[in-house]
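1. can't give you the sequence, but here's the structure:
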Ligand SMILES: C[S@@+](CC[C@H](N)C(=O)[O-])C[C@H]1O[C@@H](n2cnc3c(N)ncnc32)[C@H](O)[C@@H]1O
């Protein structure tokens, strides 16, 4: 029988492979002019965080193996990662050309304000999806420390990024975005 830690490592690898291939693929389909190395989403802070996560995983596996034996966190992580991916890919496939990995500071002709589909219920569904996805990868690895770090890091990242992105959305779409913002929540705790 395969050990739980081994299944966790395989599930984690599958999750990363899917994420790092689907994101550039969708960018290639809808925003070919933006496609490049950055579309694979291996930023330095992200790689550092994943390095910390793998270090924790192997340290605990060697010195505190009992942490890696309960599969329930791993199952919960797999379910939440799938849910996070659904939200994020739902956002990308709804917004199409309007969804670019880099925040646009001026309006391109193909950029339209998206308020339908998943955007009707969630103001930043791609970010909410990632906010769920990232800490859940650490549930899959049964990493208690990295789970807390990823959750805080992802929260702070969006706490900083969303107001910045919205300044430009207001510049581009004016009243229309202000009204959309007033009626639609982000659903990320304490980020309005
Ligand atoms: C990485 S995408 C994230 C989109 C969105 N924040 C989300 O979480 O689904 C960033 C780009 O999406 C654009 N964007 C964000 N919300 C939008 C909306 N409701 N309609 C159209 N463009 C949007 C921004 O202008 C920015 O260039």
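-> Yep, it's here. Computed from a predicted structure; not experimentally measured.
2. thinking residue 151 is in contact with residue 135, fair?
-> Yes - assessed by Cβ atoms under 8 Å, residue 151 is found in contact with residue 135 at 4.3 Å. From N, CA and C alone the C-beta is placed, and that goes for glycine too.
3. which residues does whichever residue of the chain sits closest to the ligand contact?
-> The chain approaches the ligand most closely through residue 126 (3.0 Å), counting by Cβ to the nearest ligand atom. When contacts are counted by Cβ atoms under 8 Å, 6 or more residues apart in numbering, residue 126 touches 87-88, 91-92, 95, 99.
4. again, 7 Å this time
-> 88, 91-92, 99 (Cβ atoms under 7 Å, 6 or more residues apart in numbering).
5. Flag every residue of the protein that's near the ligand.
-> Applying Cβ under 6 Å from any ligand atom, we find that the chain lies next to the ligand at 91, 95, 98-101, 103-104, 113-114, 119, 124-127, 165, 168-169.
6. residue ranges of the helices in this protein, please?
-> 4-30, 44-63, 71-95, 125-140, 144-173, 175-183 (DSSP state H).
7. Could I get the ones you listed in JSON lines, plus columns for mean pLDDT?
-> JSON lines is the format used below for the helices of the chain (pLDDT from 0 to 100):
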{"stretch": "helix 4-30", "mean pLDDT": "98"}
{"stretch": "helix 44-63", "mean pLDDT": "98"}
{"stretch": "helix 71-95", "mean pLDDT": "98"}
{"stretch": "helix 125-140", "mean pLDDT": "98"}
{"stretch": "helix 144-173", "mean pLDDT": "98"}
{"stretch": "helix 175-183", "mean pLDDT": "98"}
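8. Identify, out of those, the most deeply packed stretch.
-> A comparison of those by mean neighbour count, using mean count of other Cβ atoms under 10 Å, puts helix 125-140 on top with a mean of 24.
9. quick one: it to helix 4-30, angle?
-> 160 degrees (axes from the mean of the first three to the mean of the last three Cα atoms, to 10 degrees).
10. I'd like the distance between residue 150 and residue 109.
-> According to Cβ to Cβ, to the nearest Å, residue 150 and residue 109 sit 37 Å apart.
11. ok, back up a step: can you tell which of the helices of the chain is closest to residue 189?
-> helix 144-173 (7.4 Å; Cβ to Cβ).
12. quick check, distance from that closest one to the centre of its chain.
-> Remark: helix 144-173 is offset 10 Å from the chain centroid, using Cα atoms, centre = their mean, to the nearest Å.
13. I'd like to check the angle between it and helix 71-95, please.
-> Going by the same axes, to 10 degrees, helix 144-173 makes 10 degrees with helix 71-95.
14. Now do the contacts for residue 71.
-> residue 4.
15. switch to 10 Å and redo it
-> 4-5, 7-8, 78, 142 (Cβ atoms under 10 Å, 6 or more residues apart in numbering).
16. now do residue 101
-> Per Cβ under 10 Å, 6+ apart, neighbours of residue 101: 23-24, 26-27, 31, 34-36, 38-41, 92, 126.
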